[in-house]
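Asks: Got a predicted structure here, sequence first:
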Amino acid sequence: MILIKLGGSVLTDKNKPFSFKNETAERLVKEMDSVDELVIVHGGGSFGHPGAMRYELNSPSPKEPARGTAEVQKAMRVFNLKIIDLMLENNLWAVSIPGGMITTFEDGDMKEINTKIVKDYLDLGAIPVTFGDVAIDHKRQVTICSGDDLMLGLAPLADTAIFVTDVDGIYKEGEIVDMFDPDMLPLRDDDFLKSGEGVDVTGGMERKTRLMLNIAEKCPTYIVNGSVPGRLSTLLEGKKTICTEVRP
């Protein structure tokens, strides 16, 4: 099974609330259509992040947790439906699995994830599509379940994990690296994502990279630029392309 994270930065403009890059999303859907067994995770982008920030849903003390949860969950389901529609239009039988419905957290850390439902839909021949969401947190009431959290939780099911973002890979001292390993930590501000993707409420790039290193312990892990046509499909075909492989 190939596990693919479609980052919010490649599907939306995070500086414009509720924006959606329809042409980019449809192209990426078509680039994935040759994969026999696929699970897709997508981030919050310009749909989930504004409400998450407004209600401080990723903090120890969320503001108006019921209202914030309702508004952000609605926004994320609108976003998810756009992706589901594109997949169905291209004869990819996608099924929606909200991230907040299959996970539980404690003080911001994911404690449980229901992978069985994902496996059941795979066995059906469908393509599970899950996404960043608001989830129950047994200490904070609620918290943000990020797409990266879902990638980590689903990694044991995967043969390969791919993070599709809007940059070519991971940078060190301004240069992209073909292979990234723990010895290259800590990151500096100019080492990782060089993009205008806006504020990241899910913990910053250092956290993302450490999560990727954890995922790489379970399966081969890559970061590729989905804004460039053909990069994702080339990687999926096992051919050489510009990207970074994360090594544990």
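Replies: Received the coordinates, thanks.
Asks: C-alpha only now, for contacts and for neighbours.
Replies: Fine.
Asks: Next up, the contacts around the residue of the chain most remote from its centre.
Replies: Most distant residue from the mean C-alpha position of the chain: E64, 25.8 Å away (Cα atoms, centre = their mean). Listed by Cα atoms under 8 Å, 6 or more residues apart in numbering, the contact partners of E64 are Y55.
Asks: Can you give me the distance of it to M110?
Replies: 22 Å (Cα to Cα, to the nearest Å).
Asks: host element of V134?
Replies: Per DSSP states H and E: V134 is located in strand 133-137.
Asks: what residue ranges in the chain score low on pLDDT?
Replies: 189-205 (pLDDT under 70).
Asks: if you set the cut-off to 90 instead, what comes out?
Replies: For the chain, the stretches with pLDDT under 90 are 14-15, 34, 167, 169-176, 183-211, 248.
Asks: Which elements pack onto the helix or strand in which M110 is found?
Replies: M110 belongs to strand 109-113 when assigned by DSSP H and E. Using 3 or more Cα pairs under 8 Å, 6 or more residues apart in numbering; DSSP states H and E, the elements in contact with strand 109-113 are strand 103-106.
Asks: residue ranges of the helices in the chain, please?
Replies: In the chain, the segments counted as helices under DSSP state H are 8-11, 22-31, 45-54, 65-89, 116-124, 147-154, 204-216, 231-236.
Asks: Relative to K139, which of the ones you listed is closest?
Replies: Nearest to K139, of all the helices of the chain, is helix 65-89, at 12.7 Å by Cα to Cα.
Asks: Would you report the backbone torsion angles of the residue farthest from the centre of the chain?
Replies: In terms of degrees, to the nearest 10, the main-chain angles of E64 are phi 40, psi 60.
Asks: All good on my end, thank you.
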